[in-house]
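A.B. asks: Generate a structure from the sequence data that follows.
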Amino acid sequence: MDLKDIKAIVDLMKKNSISEFELEKQEFKIRLKRGTNGGAQNIIYDEPQMVQGGYLPQGSQSGSGQPAALPPAATNEIEIKSPMVGTLYRAPSPEAGHYVEIGAEVNAETVVCIIEAMKVMNEIKAEVRGVITQILVENAKPVEFGQPLFKIRPL
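C.D. replies: Residues are numbered from 1 along each chain as shown. As a prediction, the model looks like this:
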């Protein structure tokens, strides 16, 4: 199964209001679950599984990532995932400060970054109230659909 197949499944889930989907074939297992707000999708690989000679990624990080400054006390952290393919920018302009840093308190309407796709700047909002515990992508780096960008501990 490749990314095109997964995107097709996600589209079918949206069109048919399906909140959860699971598929198991030979040595491959995937589970997709839509958020309660109907927006964000979580792609969950239960274990690394062998697929066509390679392993599926588990929460892969772009670049070196950044270690969390806050202790991972909460196991119920929420990931903010990329809703599209593009280039992530952590600030509105090169001279401006970052939208959020580790330890920042955010609410559902807080802009956490911008993703540039086809010369259009798309603001990405937290969509949940909480505290940023990890920043998983470096500034000005490409991101993939569904790639984790930030981790938030809900309040």
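
A.B. asks: Return the set of residues that bridge with the closest residue to residue 86 other than its chain neighbours.
C.D. replies: Using C-beta to C-beta, 6 or more residues apart in numbering and skipping the chain neighbours, the partner closest in space to residue 86 is residue 117 (3.6 Å). (Glycine included, C-beta is placed from N, CA and C.) With DSSP bridges as the criterion, residue 117 is bridged to residue 120.

A.B. asks: thinking residue 117 is in contact with residue 82, fair?
C.D. replies: No: Residue 117 is not in contact with residue 82 according to C-beta atoms under 8 Å; the separation is 9.8 Å.

A.B. asks: between the two, which one's more packed in?
C.D. replies: Here residue 117 and residue 82 are compared on neighbour count by other C-beta atoms under 10 Å; more neighbours surround residue 82, at 23 against 15.

A.B. asks: in the protein, which spans are strands?
C.D. replies: Ranges of strands within the chain are 20-25, 28-34, 41-44, 50-51, 54-55, 78-81, 86-89, 105-106, 111-117, 120-125, 130-135, 141-143, 148-154, based on DSSP state E.

A.B. asks: Run the chain-centre distance for stretch 109-122.
C.D. replies: Remark: stretch 109-122 is offset 14 Å from the chain centroid, using C-alpha atoms, centre = their mean, to the nearest Å.

A.B. asks: Quick one: end-to-end distance for it.
C.D. replies: End-to-end distance for stretch 109-122: 14 Å, by C-alpha to C-alpha, to the nearest Å.
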